[in-house]
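Peer 1: Coordinates only, no sequence provided:
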């Protein structure tokens with residue numbers, strides 16, 4: 001019998017919802033535009049984009065804050081930026097002991113990729 005228990009993920013302030021259809025499919029609704037703008041606004045900061053990339057590219061798609069904090073700003077600033085990414089629904093987090101682990105919300109990458117489909 002194992003003592004290992006999976007910890008639940010903490011919810012982002014707003015759950016990630018696939019943002020919208022491809023831009024070439026139809027015009028966005030006001031709600032889709034608001035939700036999408038919030039995600040891109042969060043990614044519009046270079047430090048946040050680096051943190052998001054660090055989490056997304058980390059082995060297993062999950063990274064401890066201790067592994068991604070070296071982005072040229074102080075630890076409180078890293079925490080602030082991670083909070084903004086969570087609020088935008090781009091990341092989820094889980095506390096394990098004294099460390100917090102971040103994961104890219106699975107539906108986000110797929111939705112952003114679908115939205116930015118190229119046409120030719």
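Peer 2: Noted; the coordinates are in hand. Just so we're clear, the structure is a prediction, and the values are computed from it rather than from any experiment.
Peer 1: going forward, measure contacts and count neighbours with C-alpha atoms only.
Peer 2: Will do.
Peer 1: What's the local residue count around residue 47?
Peer 2: 18 (other C-alpha atoms under 10 Å).
Peer 1: Doesn't it lie inside a helix?
Peer 2: Yes: looking at residue 47 with DSSP: H, G, I helix; E, B strand; the rest coil, it is inside a helix.
Peer 1: per-residue confidence for it?
Peer 2: Looking at residue 47, its pLDDT stands at 95.
Peer 1: dump the residue contacts of it.
Peer 2: By C-alpha atoms under 8 Å, 6 or more residues apart in numbering, residue 47 lies in contact with 71, 81.
Peer 1: how far away is it from residue 69?
Peer 2: For residue 47, the distance to residue 69 equals 10 Å [C-alpha to C-alpha, to the nearest Å].
Peer 1: And residue 104, by the same measure?
Peer 2: Counting by C-alpha to C-alpha, the gap from residue 104 to residue 69 is 16 Å.
Peer 1: What are the boundaries of the strands in the protein?
Peer 2: Here the chain has its strands, by DSSP state E, at 62-64, 91-96, 99-104.
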